[in-house]
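# here you go, sequence then predicted model.
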Amino acid sequence: MKELEMIAALSDAFGPSGFEDDVVSLARSMVPEGHRTERDSLLNLYIRRPEEEDKPVVMLDAHSDEVGFMVQAVRPDGTLQFVPLGGWIPSNVPAHSVRVRTRDGRLLRGITGSKPPHFLSEAEKNRAPDFGSMWIDVGASSLTEVRDVLGIHPGAPAAPDVTFEYDAERGLMIGKAFDNRLGCAAVLSTLRALAGEELRVNPVGAIAAQEEVGTRGASVTVRRVKPRLAIVFEGAPADDRGTESWLIQTAVGRGPMLRHMDARMITNPRFQRWALDLAKEMGIPVQEAVRTGGSTDGAPIHLAEEGIPCIVIGLPVRYAHSHYGIASFRDFENGVRLAAEILRRLDGETIAGL
């Protein structure tokens with residue numbers, strides 16, 4: 001399967017936080033030949049190379065979940081009251097197509113609804129929308145129909161209903177869940193690029209669940225993998241829309257972004273500098289960012305064990321945490337190229353120096 005086909009399949013897959021089953025099954029089918037996989041109870045996926053050697057372990061992290069919703073209750077008129085899974089701007093939610101997973105595993109289409117402007121009072125027109133004033137409409141007319149005919153109950157997950165598209169002329173990808181299915185594809189592509197090569201480190205893929213609700217999966221994967229070093233792939237929110245030109249640090253099409261800081265991690269400066277110098281040597285375009293908000297799986301990873309040097313290779317995504325994203329395939333390729341070259345150059349002595 002080619003990289004674009006892999007990204008498309010992962011992007012289209014249903015997998016809000018806590019319900020990453022389809023994404024994990026898909027990723028397992030995409031691992032390089034001979035690699036071993038295992039899964040834990042939290043739906044974290046581990047990918048290991050064929051050989052078991054006494055080499056320093058480097059963890060390649062990405063998270064499999066996407067921002068979505070959960071049905072909280074079914075209203076008497078058959079609409080679904082829901083709550084967010086992950087960080088949404090409420091005004092971005094209404095009037096979009098979603099898929100709701102029924103108890104027997106079907107995905108039913110619904111529309112996120114809100115009161116039409118014709119029926120809004122003056123006070124409601126001036127009030128910011130909230131989740132309590134929205135619903136998901138699956139075309140039902142009663143609670144009984146939703147529960148007994150459609151098989152939707154409280155706790156049912158929902159996610160955006162979007163199909164991946166690729167603009168080959170401009171190298172742009174449009175789809176949902178680029179945060180962080182691009183990262184999942186990058187982990188798989190990096191392992192593919194290195195398959196069969198003799199390395200001085202042992203890269204282990206760890207595709208973590210539930211990042212969007214508090215980096216929960218990576219808190220488990222890092223304890224199981226016990227790495228000496230980690231590379232986190234992330235679908236990073238692009239800032240090339242609505243930002244002053246001099247402050248843009250995560251633009252689509254300008255290369256992967258390596259962040260020095262976010263709300264929960266100051267990146268190991270030695271590993272960061274080493275990676276940036278390597279990118280320059282290899283002619284790989286990269287961007288540097290200092291973020292005061294947001295976080296990644298790097299937050300729990302860099303604090304695990306006795307401290308684990310960790311960098312984030314961010315793949316810029318416009319409109320992250322909404323139904324649609326725009327990203328550059330070339331940024332993806334360069335992110336994978338950088339990670340693969342890092343793993344080719346690393347050894348125990350270099351890791352000790354970081």
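Cool, got the structure.
# ok, residues contacting stretch 157-168?
4, 7-8, 11-12, 14-16, 18-19, 66, 68-71, 80, 82, 85, 96-101, 109-110, 136, 172-177, 323-324, 329 (CB atoms under 8 Å, 6 or more residues apart in numbering). (C-beta placed from N, C-alpha, C; glycine too.)
# among those, which are in strands?
68-71, 80, 82, 85, 97-101, 109-110, 136, 172-175 (DSSP state E).
# and those residues, which of them are buried?
68-71, 80, 82, 85, 98-101, 110, 136, 172-175 (16 or more other CB atoms under 10 Å).
# list the contacts of residue 275.
Here residue 275 is in contact with 258, 311, 338, 342 (criterion: CB under 8 Å, 6+ apart).
# right, and the helix or strand after the stretch of helix or strand the third one belongs to?
In this assignment (DSSP states H and E), residue 338 forms part of helix 329-345. Using DSSP H and E, the helix or strand that follows helix 329-345 towards the C-terminus is helix 348-353.
# okay, buried residues for that next one please.
350, 351.
# next one: stretch 54-74
Across stretch 54-74, burial judged by 16+ other CB under 10 Å covers 55-71, 74.
# per-domain residue ranges of the protein.
If you go by automatic domain parsing, the domain ranges for the chain are 3-66+176-353, 68-159.
# can I get the ones you listed in CSV with distance to residue 168 and mean pLDDT?
Converted to CSV, the domains of the chain look like this (distance: least, CB to CB, whole Å; pLDDT from 0 to 100):
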stretch, distance to residue 168, mean pLDDT
domain 3-66+176-353, 9, 97
domain 68-159, 25, 95
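# tell me which of those sits most buried.
domain 3-66+176-353 (a mean of 20; mean count of other CB atoms under 10 Å).
# hang on, isn't residue 108 packed against residue 98?
No: the criterion here is CB atoms under 8 Å, and residue 108 misses it with residue 98 at 9.3 Å.
# can you tell me which of the buried residues of stretch 54-74 are in helices?
Using DSSP state H, the subset of the buried residues of stretch 54-74 located in helices is empty.
# now the helices for the stretch 151-300 of the chain?
Per DSSP state H, counting those that start in this stretch, the stretch 151-300 of the chain carries helices over the ranges 178-194, 216-225, 269-282, 298-302.
# now find how far off-centre the longest one is within its chain.
Here the centre of helix 178-194 is set off from its chain's centre by 10 Å, with CA atoms, centre = their mean, to the nearest Å.
# ok, now stretch 227-238?
Mean-position distance between stretch 227-238 and its chain equals 10 Å (CA atoms, centre = their mean).
# returning to what we had before: what angle separates the helix holding residue 338 from helix 269-282?
Computed by axes from the mean of the first three to the mean of the last three CA atoms, to 10 degrees, the angle separating helix 329-345 from helix 269-282 equals 110 degrees.
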